[in-house]
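>>> any chance you could fold what I've pasted below:
(chains A and B)
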Amino acid sequence: SAVISQKPSRDICQRGTSLTIQCQVDSQVTMMFWYRQQPGQSLTLIATANQGSEATYESGFVIDKFPISRPNLTFSTLTVSNMSPEDSSIYLCSVGRPGNYGYTFGSGTRLTVV
Amino acid sequence: GNSVTQMEGPVTLSEEAFLTINCTYTATGYPSLFWYVQYPGEGLQLLLKATKADDKGSNKGFEATYRKETTSFHLEKGSVQVSDSAVYFCALSKIQVQGAQKLVFGQGTRLTINP
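Numbers count the residues shown, from 1 in each chain, chains lettered A, B, ... in the order given. I've put the predicted structure just below:
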């Protein structure tokens, strides 16, 4: 299975600022996924990032707040913009392959907004 | 739509006890089913999976059987250890040949094993 390197692993940010999270995969993958895990909650999909096209956002998530880049088949970034304390969460990237039933997750970015 | 419901936690057991974490799902067609584990301070790890009815996934002493008639995928382990303390997530995904599909997660069950 793929190996994912996600960074930063954690950060404490001031409200109103932005943070960009990076996700690097050791092999080429078609789809990458970004999830949010709020404190004590399950994972919620933010968006699906395909190389060469606009990301597809889930209901409740918008591009202005969570812009995503996918410049190639091994890399993606998620930016959390104009942060507020409600954005304090763990953000995880994930990859899956066509026809594959297993998904690999990055170790997550623990974000605290103060 | 697709959804997953897990038994509510937290669950606290003594070492060597028998574990069951219930998971039921709602989905059209034939989803794949997964159990993921999140150890304290870490990301998610795939624990086991099953891709069709009556399949049994197993790993590290954990087992789960895909029951289509009851739309369930309950996680079991015969004798838990302190090191099994973690949050467990049940999830489903629809099988797609042309592209991986997103996972739908249950709410997670926090398991604590006392020595």
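
>>> show me what the residue nearest the centre of chain A is bridged to.
Per Cα atoms, centre = their mean, the C-alpha nearest to the average position across chain A is that of residue A:34, at 3.3 Å. Beta-bridge partners of residue A:34, counted by DSSP bridges, are residue A:47, residue A:93.

>>> per-residue pLDDT, it?
What the model reports as pLDDT for residue A:34 is 95.

>>> so who does it touch?
By Cβ atoms under 8 Å, 6 or more residues apart in numbering or on different chains, the contact set of residue A:34 is A:23, A:45-47, A:49, A:66, A:68, A:76, A:78, A:91-94. Backbone N, C-alpha and C define where each C-beta goes, glycine included.

>>> got CSV for these, with pLDDT too?
Converted to CSV, those look like this (pLDDT from 0 to 100):
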residue, pLDDT
A:23, 97
A:45, 91
A:46, 95
A:47, 93
A:49, 90
A:66, 98
A:68, 96
A:76, 96
A:78, 98
A:91, 96
A:92, 95
A:93, 95
A:94, 93
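
>>> picking up where we left off before, quick one: the residue nearest to the centre of chain A from chain B, how far?
Distance, residue A:34 to chain B, using Cβ to the nearest Cβ, to the nearest Å: 10 Å.

>>> so, low pLDDT: which residues of chain A?
Where chain A drops to pLDDT under 70, the residues are A:97-102.

>>> please, where are all the strands along it?
A:4-7, A:10-13, A:19-25, A:31-37, A:43-50, A:56-57, A:68-72, A:75-80, A:89-96, A:104-105, A:109-113 (DSSP state E).

>>> the third one: how far from the chain's middle?
When C-alpha coordinates are averaged (Cα atoms, centre = their mean, to the nearest Å), strand A:19-25 and its chain have centres 7 Å apart.

>>> can you list the strands that that strand pairs with?
Applying DSSP bridges, strand A:19-25 is found paired with strand A:4-7 (antiparallel), strand A:75-80 (antiparallel).

>>> which of the ones you listed is buried the deepest?
strand A:75-80 (a mean of 21; mean count of other Cβ atoms under 10 Å in any protein chain shown).

>>> tilt between that one and strand A:109-113?
20 degrees (axes from the mean of the first three to the mean of the last three Cα atoms, to 10 degrees).

>>> pipe the strands of chain A into a markdown table and attach distance to residue B:32 per row.
Below are those laid out as a markdown table (distance: least, Cβ to Cβ, whole Å):
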| stretch | distance to residue B:32 |
| --- | --- |
| strand A:4-7 | 20 |
| strand A:10-13 | 32 |
| strand A:19-25 | 21 |
| strand A:31-37 | 15 |
| strand A:43-50 | 16 |
| strand A:56-57 | 21 |
| strand A:68-72 | 24 |
| strand A:75-80 | 23 |
| strand A:89-96 | 11 |
| strand A:104-105 | 15 |
| strand A:109-113 | 27 |
